[in-house]
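Enquirer: Fold the following.
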Amino acid sequence: MRLSALLIPALMLTACGNSDVPSVTTPVAPGVPNSSTPKVRFVAFGDAGQATQGGPAAQTAVGDAMAAVCAARGCDFALEFGDNFYLSGVASTADAQWQSKFELPYANLKVPVFATLGNHDNSQGPGEGSSNARGNFQVAYHSAADNLSKKWNMPSRYYRFTAPLSTQGNDFTLNTPAGYTLPSTAQTPLVEFFSLDSSPLTSIVADVNPTYNYLTYGPTHLQWFQQGLTNSKAKWKIAFAHHPYVSNGLHGNAGTFDGTPALLPGTTNGKPWLDFHTESSCAMGLDFFMFGHDHDIEWLKPVAACNSKTQFILSGTSEQPRAFGDAARNATYYQKDNVLAFFWFEFEGEKMTGSAYVLDADMQLPKNTDGSLKADFEQSMARLP
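Expert: As a prediction, this is how the structure comes out:
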């Protein structure tokens with residue numbers, strides 16, 4: 001049964017910008033979060049594992065830039081939004097791409113990475129998404145002996161975790177790199193994250209494996225997500241996946257991906273993905289949905305078709321940037337194309353801050369006059385109960 005959409009008040013801006021004039025605020029001083037006021041900080045990036053367009057130099061530059069921001073402002077972990085390995089995923093847990101496209105580019109990023117699967121991760125060819133079983137090698141790497149750095153986290157095709165991170169409260173073994181320290185005691189969750197598996201609901205060519213038929217896979221996945229949102233005790237609820245709900249990039253909005261009309265049946269236009277969010281994220285008042293797929297960076301405003309509350313974050317330009325498809329398709333707080341970039345976020349109590357960092361032509365982070373790293377855009381928001 002379709003859930004009724006709940007109209008929930010939008011997040012209140014406390015320091016905001018728009019797509020024309022960036023708003024940059026004074027950076028929060030780095031340091032260990034106070035136990036009485038827990039904070040959750042992370043970087044978010046996607047569409048990274050391409051060794052030809054831009055090459056490993058671009059991917060490593062973004063990895064080093066994220067590490068620099070984490071050193072300056074603090075990070076508990078990173079989110080990776082799929083298309084982790086171009087053009088068609090990995091073939092085993094010992095595939096050489098694990099080193100060339102993950103371990104080496106992010107060697108200086110000393111935090112856990114929570115990843116989700118993209119269409120290229122589930123393909124035999126150039127990203128058609130018709131071989132979802134291939135993505136299971138990335139799930140297997142989570143607990144494989146090959147995972148020497150203990151940085152990669154993907155315990156299943158879709159999963160959840162709470163933050164501040166802890167060895168308690170999760171239904172899987174948390175991987176943390178050497179030297180990373182978890183809180184000694186469990187804290188009340190401030191944020192709960194849901195990693196979603198969008199590829200079976202958006203593939204260009206239907207998967208012949210009946211396990212990943214969207215008619216059966218979709219409802220099972222949807223029920224899991226709905227139950228998770230209902231049972232969550234976290235103040236903030238964030239979902240992340242590869243494919244957008246709304247986007248000004250080349251692929252566009254769910255239901256009309258790549259210009260395909262929404263009325264056509266099948267998975268080519270992302271109509272099942274649109275329906276999935278209509279009955280979960282939109283109906284149940286998700287705070288943020290974060291994703292990649294389009295190779296630009298955007299912070300999109302809530303849309304009335306969803307619930308006028310949920311914020312949308314696109315961070316898919318960490319290795320091979322490209323131009324927008326239609327920059328005016330959806331209203332944004334901020335967007336930029338044809339750049340290497342990523343987001344940094346901090347959640348504390350009822351407030352969150354998000355910053356976009358854009359590398360310059362030399363693949364370096366710009367600096368302010370005092371030598372601190374310069375955000376291209378930043379805004380803070382207070383969440384209504």
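
Enquirer: for the stretch 101-250 of the chain, what spans make up the helices?
Expert: 136-141, 214-231 (DSSP state H, counting those that start in this stretch).

Enquirer: tell me the most buried of these?
Expert: Using mean count of other Cβ atoms under 10 Å, the stretch among those with the largest mean neighbour count is helix 136-141, at a mean of 19. Any C-beta I mention is one placed from the backbone N, CA and C, and that applies to glycine too.

Enquirer: before we move on, back to that, please name whichever of the helices of the stretch 101-250 of the chain is nearest to residue 326.
Expert: helix 214-231 (26.2 Å; Cβ to Cβ).

Enquirer: Mean confidence (pLDDT) on stretch 203-223, please.
Expert: For stretch 203-223, mean pLDDT is 92.

Enquirer: And stretch 39-46, by the same measure?
Expert: Rounded mean pLDDT across stretch 39-46 is 97.

Enquirer: what comes into contact with that stretch?
Expert: 33, 62, 66, 69-70, 73-83, 109, 111, 118, 163-164, 190-191, 240, 242, 290-293, 313, 315-316, 318, 342-348 (Cβ atoms under 8 Å, 6 or more residues apart in numbering).

Enquirer: where does the chain have low pLDDT?
Expert: By pLDDT under 70, the weakly predicted segments of the chain are 1-36, 51-55, 169, 185-186, 263-267, 384-385.

Enquirer: Let me have the helices of the stretch 101-250 of the chain in a markdown table, adding distance to residue 380 as columns.
Expert: Compiled in a markdown table, the helices of the stretch 101-250 of the chain are given as follows (distance: least, Cβ to Cβ, whole Å):
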| stretch | distance to residue 380 |
| --- | --- |
| helix 136-141 | 34 |
| helix 214-231 | 24 |
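
Enquirer: so which of those gets nearest residue 301?
Expert: Nearest to residue 301 among these is helix 214-231; the distance by Cβ to Cβ comes to 21.6 Å.

Enquirer: sorry, back to before: determine which of the helices of the stretch 101-250 of the chain approaches residue 150 most closely.
Expert: Taking the helices of the stretch 101-250 of the chain one by one with Cβ to Cβ, helix 136-141 is closest: 10.9 Å.

Enquirer: Which of the contacts of stretch 39-46 fall in strands?
Expert: Among these, the members falling in strands (DSSP state E) are 77-80, 163, 191, 240, 290-291, 313, 315, 342-348.

Enquirer: quick revisit: now for the helices of the stretch 101-250 of the chain, which one comes closest to residue 274?
Expert: Here helix 214-231 is closest among those (Cβ to Cβ), at 11.2 Å.

Enquirer: Tabulate the CA atom coordinates of the closest one in PDB.
Expert: Only the C-alpha atoms of helix 214-231 are listed here, as PDB (Å, rounded to 0.1, in the frame of the first residue of the first chain):
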ATOM      1  CA  TYR A 214      13.000  -4.700  -9.400                       C
ATOM      2  CA  LEU A 215       9.500  -6.100  -9.000                       C
ATOM      3  CA  THR A 216      10.700  -8.400  -6.200                       C
ATOM      4  CA  TYR A 217      13.900  -6.700  -5.000                       C
ATOM      5  CA  GLY A 218      12.300  -3.300  -4.800                       C
ATOM      6  CA  PRO A 219       9.500  -4.100  -2.300                       C
ATOM      7  CA  THR A 220      11.800  -6.100   0.000                       C
ATOM      8  CA  HIS A 221      14.300  -3.200   0.000                       C
ATOM      9  CA  LEU A 222      11.500  -0.700   0.500                       C
ATOM     10  CA  GLN A 223      10.100  -2.500   3.500                       C
ATOM     11  CA  TRP A 224      13.500  -2.700   5.100                       C
ATOM     12  CA  PHE A 225      14.000   1.100   4.700                       C
ATOM     13  CA  GLN A 226      10.500   2.000   5.900                       C
ATOM     14  CA  GLN A 227      10.900  -0.100   9.000                       C
ATOM     15  CA  GLY A 228      14.300   1.400   9.700                       C
ATOM     16  CA  LEU A 229      13.000   4.900   9.400                       C
ATOM     17  CA  THR A 230      10.100   4.000  11.700                       C
ATOM     18  CA  ASN A 231      12.200   2.400  14.400                       C
END
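
Enquirer: who touches that helix?
Expert: In contact with helix 214-231 (Cβ under 8 Å, 6+ apart) are residues 3, 158, 160, 192, 194, 196-197, 200-201, 210-211, 237, 239, 267, 272, 275-276, 279-280, 284, 286.

Enquirer: picking that back up, now, of the contacts of stretch 39-46, which are buried?
Expert: 33, 62, 66, 69-70, 73-83, 109, 111, 118, 163-164, 190-191, 240, 242, 290-293, 313, 315-316, 318, 342-348 (16 or more other Cβ atoms under 10 Å).

Enquirer: Tell me, how many residues neighbour residue 151?
Expert: Residue 151: 23 surrounding residues under other Cβ atoms under 10 Å.

Enquirer: Backbone dihedrals for it, please?
Expert: phi -100, psi -30 (degrees, to the nearest 10).

Enquirer: excluding its backbone neighbours, what's nearest it?
Expert: Leaving aside its chain neighbours, residue 151 sits nearest to residue 177 (4.7 Å; criterion: Cβ to Cβ, 6 or more residues apart in numbering).
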